[in-house]
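Novice: Sequence first, then the predicted structure:
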Amino acid sequence: TAALATEAGRAGIACSGDEAHCARAYFEKTVPRVFRRPTDAAELDALLAVYTSGREIHGSHAGGMGLAIAALVQSPSFLYHLDHDTPHERATRISLFLRDAGPDEATWNAVASGAFDDAEAVREHVETLLALADTRRSLVSMLSRWLELPELDGLSKSEAFRHYTPTLVRSMREESERLIDHVMFDERGTLANLLTSRWSSVDSTLAKHYGLAAAGSSGRAEVALAPAQRSGILTRAASMALRAGGDESSVILRGLMVSRAVLCFDPPPPSPADAEIGETINHAEHTERARAERRAAMTRCRACHGLFDPLGVAFEHYDATGAYRTAITTPDGKIPVDASAALEIADLTGTVVNAVELSEKLAASSAARACLVQQVAGYALGRHLDEDELCAVGEIKKRFDSSGGKLAELAADVAMWPGLTARRGGMP
């Protein structure tokens with residue numbers, strides 16, 4: 001830590017005048033930002049005493065600054081994210097959520113001007129932050145992690161899928177992240193748009209995987225995907241390959257993807273006995289649909305699987321790599337894909353014939369909108385919401401509904417949420 005701090009001192013703290021004055025000026029500006037709260041004279045004097053000792057020990061201004069910075073970054077006020085309601089803390093929390101980084105210079109200037117004491121001014125600043133490129137990247141990353149797309153990296157498939165290469169995997173993930181970016185920022189669109197959009201950005205590798213005419217030899221091309229095959233982010237190759245086995249699709253993994261991430265329904269894990277039953281079914285049946293039907297016929301399995309298995313069945317048109325298919329190869333020959341499913345979970349009811357129709361139902365689902373609010377608020381806090389917080393986000397849910405489910409507005413509302421910005425606690 002001391003070595004890093006010394007480097008920081010050498011690189012960023014030049015002084016052409018009174019060195020003690022330079023040190024004080026630096027810490028007067030920096031310490032409130034590092035501690036995320038106002039600081040008093042005693043704290044500054046203590047750091048300057050460390051600076052003086054370091055200067056004497058190392059014989060230089062940089063050495064003194066290095067030792068003082070080492071002390072600064074070991075302070076509990078820096079190391080622990082405390083719950084105290086100050087403009088500095090509000091600015092830090094908002095910036096960490098939106099940009100995945102501490103406040104930038106413009107934000108600190110807004111704090112110094114008193115803007116973070118006024119809700120309307122804070123909202124204006126949040127809108128300014130939403131226009132920044134790093135905010136855009138951070139929020140796209142947030143929604144990518146919502147669907148656990150980073151887990152796609154390093155995921156392998158069986159030798160039967162020789163076309164499943166690291167190049168294809170990178171292209172799959174990039175396509176989904178570009179879709180998030182396009183809907184959220186280019187279109188200022190909604191959750192429904194994200195779940196039903198046919199817009200895509202493909203390179204030649206992904207175009208071949210999708211059965212499209214190849215994109216140009218360099219770069220990517222914007223295309224509209226076949227409406228009967230793809231609808232929104234859940235039907236893209238990245239989501240489908242991620243929620244599949246090494247050699248075949250997975251009704252369970254895909255059903256759980258929707259129930260957990262989109263509907264916030266998380267069933268309990270199976271008991272060892274139930275898992276053993278599942279293995280027996282998997283060996284006895286050759287298609288995922290047949291396995292789901294066997295589970296639905298068993299009372300001990302139906303209580304949970306009857307809710308989320310139909311969600312997974314709807315995605316049976318996509319193989320283990322996310323490629324679209326109309327038939328499944330079994331030991332008995334090829335059989336046509338039947339992706340129809342009867343839904344009865346959250347506010348989803350009725351029958352769908354495939355994942356395109358399921359995506360349309362999810363796009364109209366108030367449960368899906370409420371779940372995304374819960375997911376984004378939890379991401380902002382870095383943990384699952386407790387019962388009080390689940391109630392407290394009710395106003396955000398109402399605003400999200402009234403906006404039609406606009407994603408950028410949801411990010412702004414969560415950034416302004418008192419549960420994030422006005423939490424109270426101790427100060428060391």
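Specialist: Thanks, I have it.
Novice: Residue 293 is in contact with residue 302, correct?
Specialist: No - Residue 302 is beyond contact range of residue 293, at 10.8 Å (criterion: Cβ atoms under 8 Å). To be clear about C-beta, it is placed using only N, CA and C from the backbone, and glycine gets the same treatment.
Novice: For the residue most central in space within the chain, which non-adjacent residue is closest in space?
Specialist: Nearest to the mean C-alpha position of the chain, by Cα atoms, centre = their mean, lies residue 142 at 2.3 Å. Distances taken as Cβ to Cβ, 6 or more residues apart in numbering put residue 379 closest to residue 142, at 5.6 Å, once the chain neighbours are dropped.
Novice: Then residue 251?
Specialist: Excluding its sequence neighbours, the residue lying closest to residue 251 (Cβ to Cβ, 6+ apart) is residue 312, at 3.5 Å.
Novice: and the one you found, what is it in contact with?
Specialist: Counting by Cβ atoms under 8 Å, 6 or more residues apart in numbering, residue 312 makes contact with 250-258, 288, 292.
Novice: if we go to 10 Å?
Specialist: By Cβ atoms under 10 Å, 6 or more residues apart in numbering, residue 312 lies in contact with 243, 249-259, 288-289, 292, 305, 339, 341, 355, 358.
Novice: now the residue nearest to residue 327 when sequence neighbours are not counted, which residues is it bridged with?
Specialist: Nearest residue to residue 327, sequence neighbours excluded (Cβ to Cβ, 6+ apart): residue 334, at 4.4 Å. Applying DSSP bridges to residue 334 gives these bridge partners: residue 329.
Novice: What about residue 114, how many residues nearby?
Specialist: A count of neighbours around residue 114, defined by other Cβ atoms under 10 Å, yields 10.
Novice: so it makes contact with residue 125?
Specialist: No - contact criterion Cβ atoms under 10 Å: residue 114 and residue 125 do not qualify, at 11.9 Å.
Novice: what's the helix or strand for residue 412?
Specialist: Under the criterion of DSSP states H and E, residue 412 resides in helix 407-416.
Novice: Does the residue lying closest to residue 422 once chain neighbours are set aside belong to a helix, a strand or coil?
Specialist: Nearest non-adjacent residue to residue 422, counting by Cβ to Cβ, 6+ apart: residue 85, 5.1 Å away. Per DSSP: H, G, I helix; E, B strand; the rest coil, the secondary structure class of residue 85 is coil.
Novice: per-residue confidence at residue 85?
Specialist: Note on residue 85: pLDDT of 75.
Novice: ok, it touching residue 421?
Specialist: Yes - using Cβ under 10 Å, residue 85 is in contact with residue 421, at 7.9 Å.
Novice: Quick check: neighbours shared by residue 114 and residue 125?
Specialist: In contact with both residue 114 and residue 125: no residue, using Cβ under 10 Å, 6+ apart.
Novice: Tell me the helix or strand right after the helix or strand bottoming out on mean pLDDT in the chain.
Specialist: The weakest-scoring helix or strand in the chain, judged by mean pLDDT, DSSP states H and E, is helix 2-12 (a mean of 47). Going down the chain from helix 2-12, the next helix or strand is helix 19-35, by DSSP H and E.
Novice: next structured bit after that next one?
Specialist: Counting by DSSP H and E, the next helix or strand C-terminal to helix 19-35 is helix 41-58.
Novice: tell me which residues in that next one are buried?
Specialist: For helix 41-58, the neighbour count (16 or more other Cβ atoms under 10 Å) marks 43-44, 47-48, 50-51, 54-55, 58 as buried.
Novice: returning to that earlier point: in the strand or helix carrying the residue nearest to residue 251, what counts as buried?
Specialist: Using DSSP H and E, the element containing residue 312 is helix 299-313. Applying a neighbour-count criterion of 16+ other Cβ under 10 Å, one finds 301, 304-313 buried in helix 299-313.
Novice: what's the average pLDDT for it?
Specialist: Rounded mean pLDDT across helix 299-313 is 95.
Novice: can you check stretch 22-42 too?
Specialist: 87.
Novice: go on, stretch 146-161?
Specialist: Regarding stretch 146-161, the rounded mean pLDDT is 94.
Novice: Would you pull up how far it lies from the middle of the chain?
Specialist: 17 Å (Cα atoms, centre = their mean, to the nearest Å).
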